[in-house]
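> here is my input, please return the structure:
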Amino acid sequence: MVFLSDRWRSLIKYCLLRLLLAPVMVLLVATIVFVLMRLAPGDPIDAIVGTRAPAAVKANLRQQLGLEGSLAQQYWRYMGGLLRFDLGKSLSTRGESVGKIIGDFFPATAELAIYSTIVALALGISLGIVTATRPGWELPGRLFSIITYALPLFWVGMVLQLLFSVQLGWFPLGGRLPTTLQIGKTITGLYTIDSLLQGNLSLFFISLHHLVLPSCTLGLVLSGIFERIMRVNLQEALQSDHVEAARARGIPERRILWSHGIRNALIPVVTVFGLTFAALLGGAVMTEVTFSWPGLANRLYSAILGRDYSVVQGIVVFFAVLATLVSIVIDLINALLDPRIRY
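Numbers count the residues shown, from 1 in each chain. The predicted structure follows:
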């Protein structure tokens, strides 16, 4: 760090501090989820074996699943496992590791999140540029951002299903692949990537075909946020003094728009993307349930319904770690894009 500038030294210190505080936040999230799951009505043992099962069977199963003892004992047992990077075992699948469940289901959620982000950024940024640079388009831009932000995700998904799947028959109702098609062994778990790595273009287009409706649903709802941020900041950038000076020097308008307008307006978009990442994960739950998408968010939803304590806690903790790492990466990207940023 001797040869680094003061700016980069402060940035590295900031990132190290965030990494040191991350375990505290994760433990806090884990504690909140642990308490909320225990406060919810119902017994997970009854959900597994039924309410009429003999008491001896229930007691034996409770001991096998680590649910015996007081809440304090269960809490310290869970925290001890968490510190050992052991997320526990599923209650509903009788011993399946939560880590394995996350590894099996997360690639589907990651693929949906990637394509939804592409849709949201492409639609939001392009509309933001158009509405900021063309007179008379600001009002439609405002309406678009307000309406998309207010639309319920499940409603948008069902409307798109009724229109493009049921009525027109252009896209499948849900799922990652047709039930008759098996992809076999995967490399990354992302079907569009694996199909390209295997040179299977037919599988690529089939998986992309199944991705269109769910990714457009989630991307459309999130795009209004990026449209508003892009429009407001681009208008502000184009009205700044240095842009007026550039125009006075005879610099072409297109060059001004990119070098002084869009480039500066993209910095808040990157920041907002980091803040909306949690919303992306939350929106993935409703999207995956609506489209029967076999992802981690859908698995979380079924675990909540089945009162599968270990799976719910493990997935929420995993999402918390993921959101923390993404926020740190976003801070680094902001520092690279804008030299004025100091931490």
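
> any idea how far Ile262 is from the nearest residue to Met37 once chain neighbours are set aside?
Sequence neighbours aside, Tyr309 is the residue nearest to Met37 in space, at 5.1 Å (criterion: Cβ to Cβ, 6 or more residues apart in numbering). (C-beta placed from N, C-alpha, C; glycine too.) As judged by Cβ to Cβ, to the nearest Å, Tyr309 and Ile262 stand 48 Å apart.

> list the buried ones in the helix or strand containing Leu112?
Secondary structure from DSSP states H and E places Leu112 in helix 98-133. Within helix 98-133, the residues that count as buried by 16 or more other Cβ atoms under 10 Å are 98, 101-102, 105-113, 115-117, 119-121, 123-125, 127-129, 131-133.

> any idea how this protein splits into domains?
Using automatic domain parsing, the domains assigned to the chain come out as 24-83, 107-180+215-337.

> got the phi and psi for Phe291?
phi -100, psi 10 (degrees, to the nearest 10).

> Ser10 is nearest to which of the domains of the chain?
Ser10 lies closest to domain 107-180+215-337 among these, at 9.5 Å (Cβ to Cβ).

> my read: Ile146 touches Gly224, true?
Yes. With contact defined as Cβ atoms under 8 Å, Ile146 reaches Gly224; the gap is 7.2 Å.

> rewinding a little: from the domains of the chain, which stretch is densest packed?
Mean neighbour count (mean count of other Cβ atoms under 10 Å) peaks for domain 107-180+215-337 among the domains of the chain, with a mean of 18.

> now Lys222: which helix or strand?
Careful, residue 222 is Leu; it's not Lys. Going by DSSP H and E, Leu222 is in helix 201-238.

> and Met37, how close does it get to Ala53?
In this view, Met37 and Ala53 are 21 Å apart by Cβ to Cβ.

> sorry, wrong one. I was asking about Cys216.
For Cys216, the distance to Ala53 (Cβ to Cβ) stands at 45 Å.

> my guess is Phe164 meets Trp170, correct?
Yes. Phe164 lies in contact with Trp170 (Cβ under 8 Å); the separation is 4.9 Å.

> before we move on, the earlier item: redo the domains of the chain as CSV? Include mean pLDDT and distance to Ile193.
CSV is the format used below for those (pLDDT from 0 to 100; distance: least, Cβ to Cβ, whole Å):
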stretch, mean pLDDT, distance to Ile193
domain 24-83, 77, 29
domain 107-180+215-337, 82, 8
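
> of those, which is nearest Ile187?
domain 107-180+215-337 (10.1 Å).

> can you give me the offset of that closest one from its chain's centre?
10 Å (Cα atoms, centre = their mean, to the nearest Å).

> could you do stretch 85-97 as well?
On Cα atoms, centre = their mean, the centre of stretch 85-97 falls 23 Å from the chain's centre.

> what mean pLDDT does that stretch get?
What stretch 85-97 shows for mean pLDDT is 76.

> which parts of it count as buried, going by neighbours?
87-93, 97.

> pick out the most distant pair among those residues.
Leu87 and Ser92 (14.7 Å).

> got the phi and psi for Asn200?
Here is the backbone geometry of Asn200 (degrees, to the nearest 10): phi -100, psi 90.

> quick check: the nearest residue to Val272 once chain neighbours are set aside vs Ser126, distance?
Spatial nearest neighbour of Val272, excluding adjacent residues (Cβ to Cβ, 6+ apart): Ile229 at 5.1 Å. Per Cβ to Cβ, Ile229 is found 13 Å from Ser126.

> go on, Arg62?
Computed as Cβ to Cβ, the Arg62 to Ser126 distance reads 56 Å.
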